[in-house]
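Asks: Could you look at this predicted model? Sequence included:
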Amino acid sequence: MESTRAVHIGILSPATPNRPHFKSLDSILPPGVTIAHEGLGLLGESYQELAGKENVIIDRARELVTEHKVEGLMLTGGFVTLFNPGIEAKVANAIGLPVVSAISSAVAALTAFGAKSVLLMTPFDRASNQSIKTHVDNLGFTLHLGPSFNNRIPGTSLNLSPDQLFDLVKETFTKNPAQAIYFQGATMDPLPIIQRIEDALTVPVIISNSAMIWNLLSKLGLKYSVKGHGKLLKEWPARG
């Protein structure tokens, strides 16, 4: 049964909360769900700058919970957790609320669909993509790497139109067929075309931001069906 109650959740992102791609997030929120979004202000010239920032992340999480009275928290940015191992559990312990992160939520969604062979699409450079692949492959998956963007400044847009991104995904998938497609890195902004990709390629498309929403709300015991934004939010499978 779908939830109808109001629920307020928090988002803590690596840079600032006013990045244009976050506007796409509002369109996929289930009815009654609202977000409080704060930025860590930690992202500079390299994703490595996010390493060793446990205390900052925990302090900012406490501040967000105190100020906004949220019921749970999303830690966006895959490298926040990759470079601060165990931070999800540490933040959850510090604030006493459910906490989810990007990569673990995507892994949970892929598991829910039984997908083991996965095409990874990101706006990152080759070394960053390889670090995600190593981590996820060690969890029992086989990630096939999509294109790398080696000269991009962390946090900036790729400036691809929806049609250009769709064509890139379709071309890459044709060369690297898999059981699912996994987008990590919200600046790629695939949310507006997720349904189009799924309809064309007939595989689940897992996007880290929508996976976190599904994961966190599921942890809160809530269930929805959000149509037009991919199989995960429409079917709302149980977490494994």
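Replies: Structure received.

Asks: who does the lowest-mean-pLDDT helix or strand in the chain touch, helix- and strand-wise?
Replies: Every helix and strand of the chain was ranked by mean pLDDT, DSSP states H and E. The lowest is helix 23-26, at a mean of 80. Where contact means 3 or more Cβ pairs under 8 Å, 6 or more residues apart in numbering; DSSP states H and E, helix 23-26 is packed against helix 208-219. C-beta here means a position set from N, CA and C on the backbone, and glycine is covered the same way.

Asks: which element follows the helix it packs on toward the C-terminus?
Replies: helix 231-235 (DSSP states H and E).

Asks: who's in contact with the residue most central in space within the chain?
Replies: The residue lying closest to the centre of the chain (Cα atoms, centre = their mean) is Ser208, at 1.9 Å. Contacts for Ser208 (Cβ atoms under 8 Å, 6 or more residues apart in numbering) come out as Thr76, Gly78, Ala102, Ile103, Ser105, Ala106, Tyr182, Phe183, Gln184, Gly185, Ala186.

Asks: Mind doing that once more with 10 Å?
Replies: Listed by Cβ atoms under 10 Å, 6 or more residues apart in numbering, the contact set of Ser208 reads 74, 76-78, 101-106, 109, 122, 182-186, 188, 190, 215.

Asks: just Ala89 next, same as before
Replies: Val99, Ser101.

Asks: would it count as being in a strand?
Replies: No: per DSSP: H, G, I helix; E, B strand; the rest coil, Ala89 lies outside any strand segment and is helix.

Asks: ok, now how distant is it from Ile58?
Replies: 11 Å (Cβ to Cβ, to the nearest Å).

Asks: same question, His68
Replies: Counting by Cβ to Cβ - His68 and Ile58 are separated by 16 Å.

Asks: Please save the CA atoms from the helix or strand hosting Val56 in CSV.
Replies: Using DSSP H and E, Val56 maps to helix 54-68. In CSV, the C-alpha atoms belonging to helix 54-68 read as follows (Å, rounded to 0.1, in the frame of the first residue of the first chain):
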residue,chain,number,x,y,z
GLU,A,54,34.6,12.2,8.6
ASN,A,55,34.3,14.8,11.3
VAL,A,56,33.1,17.6,9.0
ILE,A,57,30.5,15.3,7.5
ILE,A,58,29.2,14.1,10.9
ASP,A,59,29.1,17.7,12.2
ARG,A,60,27.2,19.0,9.2
ALA,A,61,24.8,16.1,9.4
ARG,A,62,24.0,16.9,13.0
GLU,A,63,23.4,20.5,12.1
LEU,A,64,21.1,19.6,9.2
VAL,A,65,19.0,17.3,11.5
THR,A,66,18.8,19.9,14.2
GLU,A,67,17.8,22.7,11.9
HIS,A,68,15.4,20.8,9.6
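
Asks: by contact count, what packs against it?
Replies: strand 7-13, strand 33-39, strand 73-75, helix 87-95 (3 or more Cβ pairs under 10 Å, 6 or more residues apart in numbering; DSSP states H and E).

Asks: can you do 6 Å?
Replies: strand 7-13, helix 87-95 (3 or more Cβ pairs under 6 Å, 6 or more residues apart in numbering; DSSP states H and E).

Asks: what's the angle between the first one and strand 33-39?
Replies: Just to be clear, that refers to strand 7-13. 20 degrees (axes from the mean of the first three to the mean of the last three Cα atoms, to 10 degrees).

Asks: Starting from strand 7-13, tell me which strands it pairs with and how they run.
Replies: Strand 7-13 has the following strand partners under DSSP bridges: strand 33-39 (parallel), strand 73-75 (parallel).

Asks: tilt between the first one and helix 54-68?
Replies: Strand 33-39 and helix 54-68 meet at an angle of 140 degrees, taking the same axes, to 10 degrees as the criterion.
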